[in-house]
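K.L.:
give me a 3D structure for the following:
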Amino acid sequence: MARSTKLIVAIGLIVAAGFAAWLFLRGSTVQFQEHTAIVATFRTEPETFNRLVTASAAVDAITPLIHAPLVKVNRVDGTLMPWLAERWDTLSPTRYRLHLRRGLRFSDGEPFTSADVLFTFRALYDARVDSALASGLRVAGQPLRVTAADDHTVVVEFPAPYGPALAMLDVLPMLPRHRLARALDEGRFAQAWSVATPPAEIAGLGPFVVDEVRAGESIAFARNPHYFRTAEDGTPLPRADRIIVRVVPDQSAEMVQLESGAAHFGTGGLRAEDLAAFRSLEQQGRVRLHDVGVALDPNALWFNLKAGAPGARARPWLQRRELRHAISRAVSRRRIVDTAFLGAAEPVMTPVTPGHGAWHAADVEPHALDAVEASRLLESIGLRDRDGDGTREDEAGREARITLLTQRGHTIRERTASIIQDDLRAVGLPVDIVALEVGSLIARIGSGDYDAVLFGLQASSVDPALNLDFWLPSGVFHFWNPAQAEPATAWEARMAALMEPVARSTDQDERRRSFHEVQRLFAEHLPAIYFAAPHVVLATSAGLEGVQPALLQPHVLWQPDLLRVRRD
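P.N.:
Numbering: from 1, shown residues only. The predicted structure follows:
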């Protein structure tokens, strides 16, 4: 998130809707020039083809197309699958020997060896790269130690026992030393493989290669002729010849493309208001719906709690816990569920939703709507209506006003922000909503130039030990006060201590007990306020085969080599 750049937006609602309608009217035989091409819609444009540089949702979604990890977590059942490593040996609780598949080649034909594994880890931990993945691929604050026994064998040593073990490596794509070593040595690695890079310079081990980039419009991926996997019947993978990713920033335009058949699937779930129409399309045999459960990454409202934050200099009450608790009680979760999600959501208190299964602490219940208690909390930090105009002022007599940033064009976030604005106005807190394009919003968050934000982060795993970047104060996605050298508060230090057994223990009951305590601590201090988690329903074209829908993102593209368009 900290390294994301402003995204280029070139397709507006009218253009996208008109284009989709034209394709529909022309008929299915001309929707795709390549009969086996798959078309997906993304809300934002990937800003790089180098996963080590950024952890944005769009980059995360395209990574399985062009890259591959040593091991892969099955997004459906959570099992660990051999991938570039065909097997492994457990040498001790902290050491693993991985045996690489022989004969693997990058998409440019160069062989893949243990030297590429060592190079990838060197780039990951290089301070000049400042990788978005680095902090999440440390154990007890220390990097993994990786050595090579020969060209096809590597040993991975963890600094301490680690609960998820090798599942940690799922997020790390193996990169070609022969293509990127010079950039790393010269300190240019973070700039390598931007969307402006000629596609022929980008090489990976995934099922596809970058074929054509139209800035702000689309990216086309073609079959990788050197891809290593085959189907169960022995036929080569990937099954599709081509995948085209269209950038459609507006959700309504995206839905038009899905409804008309101009796209086979979108990267997110359906909005509640689209469900009825898509159920009708399913009955007509035009789409398939996949209900994959309660979302793992609900939207959050958080304040900038970093010391010296611009807004808090004149308004220190912005960083008070009482303010956050007052908001949690003043805003109606039920209204958000019923209005923003049309009932297709669950009220939540923390980022750990019922979709997390046994990791979810069911006893951490959302605050009930209580305007009286909200008012008491606001008054306890000096925010009172001193002149009787219905708006609270601070102790210096200044109006207690909050500026809330959110994402323009994201209807759920915009509607939720409006409900928050209404409910807080009722308790005397005026809120100014500023909707920004996602690139500008991420830039503001990264710079720390904000009072409060309503946004969401993508969960990378159900297992909390694989999301340490969020839970640990040192993590870059501990977004209310990221990348702390030392815990800024006693409760964050306690949170870090509680996450130790979550990360290190191999006793699953102990891990869950400790993480349930983390959730209770989170609810007590409420650094981010969560309101509702939607039910995730995915829509795919009835002609798209090989779909293995998952609750974790990318919902469909996590296993792209099995996708294909049915030939009627």
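K.L.:
for the stretch 351-500 of the chain, what spans make up the strands?
P.N.:
For the stretch 351-500 of the chain, the strands defined by DSSP state E, counting those that start in this stretch occupy 402-407, 431-436, 452-455.
K.L.:
tell me the angle the second one makes with strand 402-407.
P.N.:
So that's strand 431-436. For strand 431-436 against strand 402-407, the angle by axes from the mean of the first three to the mean of the last three Cα atoms, to 10 degrees is 30 degrees.
K.L.:
what about strand 431-436, average pLDDT?
P.N.:
Averaged over strand 431-436, pLDDT sits at 98.
K.L.:
report the strands that pair with that strand, each with its relative direction.
P.N.:
Applying DSSP bridges, strand 431-436 is found paired with strand 402-407 (parallel).
K.L.:
just the shortest one next, same as before
P.N.:
Applying DSSP bridges to the sheet, strand 452-455 is found paired with strand 300-303 (antiparallel), strand 402-407 (parallel).
K.L.:
out of those strands, which gets nearest to Val453?
P.N.:
Taking Cβ to Cβ, strand 402-407 is the member of the strands paired with strand 452-455 nearest to Val453, at 4.9 Å. Just so you know, the C-beta spots here come from the backbone N, C-alpha and C atoms, and that holds for glycine as well.
K.L.:
for that closest one, the distance to its chain's centre please.
P.N.:
On the basis of Cα atoms, centre = their mean, to the nearest Å, strand 402-407 is displaced by 20 Å from the centre of the chain it belongs to.
K.L.:
try stretch 316-334
P.N.:
Mean-position distance between stretch 316-334 and its chain equals 25 Å (Cα atoms, centre = their mean).
K.L.:
that stretch spans what distance, first to last residue?
P.N.:
30 Å (Cα to Cα, to the nearest Å).
K.L.:
possible to save the strands paired with strand 452-455 as TSV with mean neighbour count and distance to His67?
P.N.:
Shown next, in TSV, are those (neighbours: other Cβ atoms under 10 Å; distance: least, Cβ to Cβ, whole Å):
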stretch	mean neighbour count	distance to His67
strand 300-303	22	29
strand 402-407	21	27
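K.L.:
excluding chain neighbours, what is closest to Asp463?
P.N.:
Pro164 (5.2 Å; Cβ to Cβ, 6 or more residues apart in numbering).
K.L.:
quick one: contacts for the closest residue to Gly456 other than its chain neighbours?
P.N.:
Nearest residue to Gly456, sequence neighbours excluded (Cβ to Cβ, 6+ apart): Asn299, at 4.4 Å. If you count contacts by Cβ atoms under 8 Å, 6 or more residues apart in numbering, Asn299 has them with Ile412, Arg413, Thr416, Leu454, Phe455, Gly456, Tyr530, Phe531, Ala532.
K.L.:
now with 10 Å, please.
P.N.:
By Cβ atoms under 10 Å, 6 or more residues apart in numbering, the contact list for Asn299 reads 336, 340, 351, 406-407, 410, 412-413, 416-417, 453-457, 528-534.
K.L.:
about what we covered before: relative to Val171, which of the strands of the stretch 351-500 of the chain is closest?
P.N.:
Of these, nearest to Val171 by Cβ to Cβ is strand 452-455, at 20.9 Å.
K.L.:
isn't Gln421 right next to Val427, touching?
P.N.:
No: under the criterion of Cβ atoms under 10 Å, Gln421 makes no contact with Val427, lying 11.7 Å away.
K.L.:
name the SS class of Gln519, please.
P.N.:
Under DSSP: H, G, I helix; E, B strand; the rest coil, Gln519 falls in the helix class.
K.L.:
do Arg246 as well
P.N.:
Of the three states, Arg246 takes strand under three-state DSSP.
K.L.:
determine the number of other residues adjacent to it.
P.N.:
Per other Cβ atoms under 10 Å, the neighbour tally for Arg246 reads 24.
K.L.:
how about Thr94?
P.N.:
Neighbour count for Thr94, taken as other Cβ under 10 Å: 18.
K.L.:
with Leu133 instead?
P.N.:
Using other Cβ under 10 Å, Leu133 has 21 neighbouring residues.
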